[in-house]
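**Student:** sequence plus the predicted model coming up.
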Amino acid sequence: MLQKTLKRLRRKNRIRSKISWTELKPRLAVYRSNSNIYAQLIDDVAWKTLTSFSDLKLDKTGTKTEMSKKVGEEMAKKVLDLKITEIVFDRGWFAYHGRVKALAEALRAWGLKF
């Protein structure tokens, strides 16, 4: 169990070291649990969460991947309302496939660049 946690932390630190963010390009962090997915837009300069959204606020209809797409669409609407078009996508230690990929593709479909 400890080895798995250490590997995840190494992966997270490796990913976090490669991304760079500014006030103009805030970080969109994704967290995926077994049953839900969460996304939040973070301004790391001011240490504030600008906006967030999760599938807890949606009706549970469809698969988890479909729910992730809906979260991506709603999050994109909220980010575009803040007049932000470029973000840095931070997937944490999660692999870029399945629900995380569906959320990212929904964000791109709404015109966000990362």
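**Tutor:** That came through, no problem. Numbers count the residues shown, from 1 in each chain.

**Student:** for the residue sitting nearest the centre point of the chain, pull up the helix or strand it's in.
**Tutor:** By C-alpha atoms, centre = their mean, the chain has its centre lying nearest to residue 30, at 3.0 Å. Assigned by DSSP states H and E, residue 30 belongs to strand 27-32.

**Student:** tell me which helix or strand comes right after that strand.
**Tutor:** strand 37-43.

**Student:** helix, strand or coil: sort out residue 20 for me.
**Tutor:** Following DSSP: H, G, I helix; E, B strand; the rest coil, we place residue 20 in the coil state.

**Student:** how far does stretch 19-30 sit from its chain's centre?
**Tutor:** Distance, stretch centre to chain centre, for stretch 19-30: 11 Å (C-alpha atoms, centre = their mean, to the nearest Å).

**Student:** oh sorry, the question was meant for stretch 106-114
**Tutor:** Relative to where its chain is centred, stretch 106-114 has its mean C-alpha point 12 Å off (C-alpha atoms, centre = their mean).

**Student:** average pLDDT for it?
**Tutor:** Confidence over stretch 106-114 (mean pLDDT, whole number) is 95.

**Student:** what's the span of it, first residue to last?
**Tutor:** 12 Å (C-alpha to C-alpha, to the nearest Å).

**Student:** next: stretch 85-101.
**Tutor:** Start-to-end span of stretch 85-101 (C-alpha to C-alpha) is 19 Å.

**Student:** try stretch 79-91
**Tutor:** Across stretch 79-91, first to last residue, C-alpha to C-alpha, it's 17 Å.

**Student:** name the residues that touch it?
**Tutor:** Stretch 79-91 has contacts (C-beta atoms under 8 Å, 6 or more residues apart in numbering) with 15-16, 19-21, 24-30, 41, 50-51, 100, 104, 107, 110-114. Any C-beta I mention is one placed from the backbone N, CA and C, and that applies to glycine too.
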